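Trainee: Sequence and predicted structure below; questions after.
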Amino acid sequence: MTQPGPSTLTVASRLSSYLRGGGVIVPLTTVAIALFAGGLVVTITGANPFSTYKAIFDGTGFNWLFPWISAEDRILAAQNLQQTLIRTTPLILVGVAVAYAFRAGMFNIGGQGQYLVGSFVAVWAGSSFDGLPAVVHVAVAMALAAAAGGLWAGIAGVLKARLGVNEVISTIMLNYTAIWIGVYLFQLSGPLHSDTQPSVPISNEILDSARLPVFWGDAELQGLHVGIFVALVVLGLFWVLVNRSVAGYEVRAVGFNPDAAESAGISSGRTYIRVMLICGLFAGLAGSLDVLGWQFTVATNDIPVSDVGFLGIAVALLGRNTATGILFSALFFGGLVNGTSVRNLDPAIFDPELAQNLALMIQGLVVLLVSAPVIVTALFGGARRLGLARKRAA
Amino acid sequence: MGATGAVPLALELRSMTKRFGAVVANDGVDLDLRRGEVHALLGENGAGKSTLMNVLYGLHKPDEGKILLDGEPVVIDSPRRAIDLGIGMVHQHFMLVPVMTVAENIVLADEPRRGLLLDFKAAVARVRELSDRFGLAVDPEAKVGDISVGQQQRVEILRALYREAGVLVLDEPTAVLTAQETSELFRILRALTAQGTSVVFITHKLSEVLAISDRVSVLRRGRKVATVLTADSTEASLARLMVGRDVLFEVEREAANAGPVDATPLLDVDALWIEDDRGLEAVRGVSFEVRPGEIVGLAGVDENGQRELVEALTGLRAARSGVIRVAGRDVTSLGVRGRLEAGIGHIAEDRHRRGLVLDFTLAENLALRGYRRKPFARFGLLWPDRMRARARDLLTEYDVRGGGCDTPASALSGGNQQKCVIAREVSEEPQVLIAAQPTRGLDVGAIEFVHKRLLDQRRAGRAVLLVSLELDEIRTLADRILVIASGEIVAELPPDASDERLGLAMTSGGRV
């Protein structure tokens, strides 16, 4: 008695409805399985998985929260936790950038490109406009970076709305475009190459007035900058946007069923463009916070290997596209990245080079595990659309 | 037909019980199927018909009860097993590969082999032989994607016959068929039963039960309420068994109270030309009007431009030329939202695709029209409590059962989903209500409800355009009938026009 469902469901919209809010058991199981698999790999390499994970955990600085650690450990833990939170800040924002697109039934793989474009604009704006008051300078740099990220993502939105170009393909391509624009801009003879270091492929350093203040820890030792509050505010905005706003209602309607949304007078094309603009805005903001908060320059060689935007996909998937979920999964991945960094891990316990790969592996497993049921559903759904195997809903 | 024992039983279901969580879908259902009979399984949406048959076909595991095939108890734990035992099932949605030929589809997963190779010649010959024997008239070498829905259904039947099914289960087989294809199907079923095949015919259409079945079993809320001989039954008696009360087939319709002929029509369509998705002319120069307090029925065979016309009226599809006016105002250049605001309401043909966001809660679905306005929104923010409160009122008023305002729409039965759509559209008090197949797939109780609501609109002096493939429905409700064929309005007839005149107008394609 069930009539055929909406015929225009994309993979992403299936994913978004599968990931629809709520539930901590699946994400926690996912993390547990991924860590267990990582532990097996550690064992195979001959190291002790327990002491390795202990070392990684201590590296995250989350032990700072434990009341029983010694005052000496606490100082180190605080420093580690500051670094973890510095990593977490952009992850929250790119996670939101991916999650909001999911809510509209779109898969924004372009968080990386939007993040990079934001960081390029931030480093340019931060190193220009000499003489601006600090608050204004920071605000201008952040606003320009966010706008640039938004426009960058908006290209994919317009292409999808007007020409039906799949956003997965266009955002991936825009990632490469962003990478190579960046390499061009900041290479040795590039137009935005450093004025003071002729032999290093790097951008100008941002001015002091554009730096985000550090509120925890020592600014000289890369303490925690105030950007995390920006990220948390955006997270709150995201929650309101999705759950309590007219715009978010339209986005969810389009994400679940574009045909029904259209029949209710919601233009799916306009929604796609609007959503991508907002996603890019968040990702561009992430890029600006990293530049203004602790990197201060953009090094040409770092551009192609940066993966913050890609981690955003894992953050959104593990966080099931909800605000709370994104907060915790950004903390998880921020901790994982920081805990396995060369600086933190004692080579006697586990080779830090390997540890970074371990982090990538865990990240990959999380994405795979979270997506696996969805991949199956999507494949099945695809087959169903082709009429290969129609299963009755009961 | 008095001597029950004389006819051998092909299949018996004994006290089948199937629970889904707390819901009892089948509650101790007994059913026996005689050899060579068409046994109709009748019930409202959600009465448990499909569940019972899915248990029989090995798709669900029963909690209690047993199955006897030719007197022998059997365990059916998979469709594969059901097929091996000679039980064939034709689902509502076909399971065919469109790019493969009829013969290839039929032999799929059971291919005749010659050595390691498939012997498709043998397959084609066998399919042709079966097709001829039962008069199915299907070309084994045609591609499934190229043949009509009615023929695809026959391919499904052939597939069951190819596997030597002695019991054939048809799940609402006529839902996708035209009237002509339906009578063709009935002819085939008679040929099948004449040669000893037993057929279970799932439906909620009373006329079909009377036309084709030998006996009827009626399910209500998971229980079997009766098995009766069709010969002893009437539509009224079956409807009473099915719904549990008397049903009005002819909702009361007062005399037409349409405004004076010279009153401004609420919907005025002038020389509308519309193209379909392939750029072909689907609607060709259609002009008509619907006056206040009038229901105009648009009758026609499916695919004659009705869908394109409805989409153009609601703004979902741009018209190539022509003018659409709502209460005198030209709305042709407006988009969907503009049309809705201009006073058009739309009961969409496909409630799952267009009418509802199935993943939304009922409160969210019921707000789909008014979510941008007070009281649901202010300053771009939603007021969920008010959406819920409004939804609660509507759910009570429109007697939507099976869920509250926080239930996802997907959890409701088809009839209740349709009530939600109607609640939303009608409560907006649209000047013009466009109702496309508003009772498709609904049972008699729900149909009665929908019809009453449409007549309420008429009484309130609004205009209703009823697009339906069901002639009886149009006849019951409409003040005037427009007949559409090949994208043109070929006739305007009164509701008491004879079937012959209507049928001729619908099929001739020319003017009458």
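Mentor: Received it, and whenever you're ready, just let me know what you need.

Trainee: quick one: contacts for residue B:331?
Mentor: Residues counted as contacts of residue B:331 (CB atoms under 8 Å, 6 or more residues apart in numbering or on different chains) are B:315, B:324-325, B:338-339, B:342, B:344. C-beta: built from backbone N, CA, C; applies to glycine.

Trainee: and the residue nearest to it when sequence neighbours are not counted, how many neighbours does it have?
Mentor: With CB to CB, 6 or more residues apart in numbering or on different chains as the criterion, residue B:331 has its nearest non-adjacent residue at 4.8 Å, and that residue is residue B:342. Residue B:342 is flanked by 19 other residues according to other CB atoms under 10 Å in any protein chain shown.

Trainee: What of residue B:410?
Mentor: Counted with other CB under 10 Å, the neighbours of residue B:410 add up to 18.

Trainee: For my notes, confirm it occurs in a helix.
Mentor: Yes - counting by DSSP: H, G, I helix; E, B strand; the rest coil, residue B:410 is found in a helix.

Trainee: helix/strand/coil for the closest residue to it other than its chain neighbours?
Mentor: When the adjacent residues along the chain are set aside, residue B:410 lies closest to residue B:358, with 4.0 Å between them (CB to CB, 6+ apart). Following three-state DSSP, the label given to residue B:358 is coil.

Trainee: how many neighbours does residue B:358 have?
Mentor: For residue B:358, the count of nearby residues is 21 (other CB under 10 Å).

Trainee: my guess is it contacts residue B:350, does it?
Mentor: No - in this structure, residue B:358 is not within contact of residue B:350 by CB atoms under 8 Å, at 11.6 Å.

Trainee: List only those of the contacts of residue B:331 flagged as buried.
Mentor: For these, a neighbour count by 16 or more other CB atoms under 10 Å in any protein chain shown gives the buried set as B:315, B:324-325, B:339, B:342, B:344.

Trainee: would you turn these into a markdown table with distance to residue A:139, pLDDT and secondary structure?
Mentor: Putting the buried ones among the contacts of residue B:331 into a markdown table (distance: CB to CB, whole Å; pLDDT from 0 to 100; DSSP: H, G, I helix; E, B strand; the rest coil) gives the following:
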| residue | distance to residue A:139 | pLDDT | secondary structure |
| --- | --- | --- | --- |
| B:315 | 42 | 93 | coil |
| B:324 | 50 | 95 | strand |
| B:325 | 52 | 95 | strand |
| B:339 | 43 | 94 | helix |
| B:342 | 44 | 93 | helix |
| B:344 | 46 | 95 | strand |
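
Trainee: what two of the residues you listed are the furthest from one another?
Mentor: The most widely separated members of the buried ones among the contacts of residue B:331, counting by CB to CB, are B:315 and B:325 (13.5 Å).

Trainee: Distance of residue A:203 relative to residue A:129?
Mentor: Per CB to CB, to the nearest Å, residue A:203 is found 15 Å from residue A:129.

Trainee: more neighbours, these two?
Mentor: Between residue A:203 and residue A:129, counted using other CB under 10 Å, the more crowded position is residue A:203 (28 against 15).

Trainee: Now for the more buried one: which residues touch it?
Mentor: Neighbour list for residue A:203: A:123-124, A:127, A:185-186, A:192-194, A:297-299 [criterion: CB under 8 Å, 6+ apart].

Trainee: just residue A:40 next, same as before
Mentor: With contacts defined as CB under 8 Å, 6+ apart, the neighbours of residue A:40 are residue A:49.

Trainee: Any idea which residue of the stretch 51-200 of chain A lies closest to chain B?
Mentor: residue A:105 (10.8 Å; CB to the nearest CB).

Trainee: From what I see, that residue and residue A:252 are in contact.
Mentor: No - contact between residue A:105 and residue A:252 fails when scored by CB under 8 Å: they sit 9.2 Å apart.

Trainee: Where does the residue nearest to residue B:317 when sequence neighbours are not counted fall, secondary structure wise?
Mentor: Of all residues not flanking residue B:317 in the chain, residue B:311 sits nearest, at 3.7 Å (CB to CB, 6+ apart). Assigned by DSSP states H and E, residue B:311 belongs to helix B:306-314.

Trainee: Residue A:302 - how many residues pack around it?
Mentor: Counted with other CB under 10 Å, residues neighbouring residue A:302 total 15.

Trainee: Over to the residue nearest to residue B:410: give its phi and psi.
Mentor: Main-chain torsions, residue B:358, degrees, to the nearest 10: phi -60, psi -30.

Trainee: With the one 4 residues further on instead?
Mentor: According to degrees, to the nearest 10, the main-chain angles of residue B:362 amount to phi -60, psi -40.

Trainee: Just the pLDDT for it.
Mentor: pLDDT for residue B:362: 93.

Trainee: OK, contacts around it?
Mentor: Residue B:362 neighbours (CB under 8 Å, 6+ apart): B:391, B:395, B:400, B:403-409, B:412, B:420.

Trainee: Go through those residues and name the one with the lowest pLDDT.
Mentor: For the contacts of residue B:362, the pLDDT minimum is residue B:403, 81.

Trainee: wouldn't that residue be in contact with residue B:411 here?
Mentor: Yes - with contact defined as CB under 8 Å, residue B:403 counts as touching residue B:411 (5.5 Å).

Trainee: Which one's more surrounded, the two?
Mentor: Neighbours were counted for residue B:403 and for residue B:411 using other CB under 10 Å; residue B:403 has more, 19 against 13.

Trainee: any idea how far chain A is from the spatially most central residue of chain B?
Mentor: By CA atoms, centre = their mean, chain B has its centre lying nearest to residue B:441, at 3.1 Å. As for residue B:441, its distance to chain A is 6 Å (criterion: CB to the nearest CB, to the nearest Å).

Trainee: Surely that residue forms part of a strand?
Mentor: No - counting by three-state DSSP, residue B:441 falls outside a strand, being coil.

Trainee: Touching, it and residue B:176? I think so.
Mentor: No - between residue B:441 and residue B:176 no contact is recorded; they are 10.5 Å apart, counting by CB under 8 Å.

Trainee: Assign a three-state SS to residue A:140, would you?
Mentor: When classified by three-state DSSP, residue A:140 comes out as helix.

Trainee: For the stretch 251-400 of chain B, what lies in contact range of chain A?
Mentor: Counting by CB under 8 Å from any CB of the partner chain, the stretch 251-400 of chain B comes close to chain A at B:314-316, B:335-341, B:346, B:348, B:350-360, B:364, B:367-369, B:371-372, B:377, B:380-382, B:384.

Trainee: Excluding chain neighbours, what is closest to the closest residue to chain B within the stretch 251-394 of chain A?
Mentor: Using CB to the nearest CB, residue A:265 is the residue of the stretch 251-394 of chain A that sits closest to chain B, at 3.1 Å. If the residues on either side of it in the chain are set aside, residue A:265 comes closest to residue B:337, at 3.1 Å by CB to CB, 6+ apart.

Trainee: And the one you found, which helix or strand is it part of?
Mentor: helix B:336-342.

Trainee: same question, residue B:272
Mentor: Using DSSP H and E, residue B:272 falls within strand B:267-275.

Trainee: following that strand, which helix or strand comes up?
Mentor: strand B:281-290.

Trainee: How is chain B partitioned into domains?
Mentor: Following the assignment in automatic domain parsing, chain B carries domains at B:4-243, B:267-507.

Trainee: give me every residue that touches residue A:219.
Mentor: When contacts are counted by CB under 8 Å, 6+ apart, residue A:219 touches residue A:213.

Trainee: Okay, buried residues for stretch A:244-258 please.
Mentor: Using 16+ other CB under 10 Å as the test for burial, stretch A:244-258 gives A:245-258.

Trainee: burial count for residue B:455?
Mentor: By other CB under 10 Å, neighbour count at residue B:455 equals 18.

Trainee: Next, the residue of the stretch 251-394 of chain A closest to chain B: phi, psi?
Mentor: Per-residue torsions, residue A:265: phi 90, psi 10 (degrees, to the nearest 10).

Trainee: contacting residues for it?
Mentor: Neighbouring residues of residue A:265 by CB under 8 Å, 6+ apart: B:315, B:335-341.
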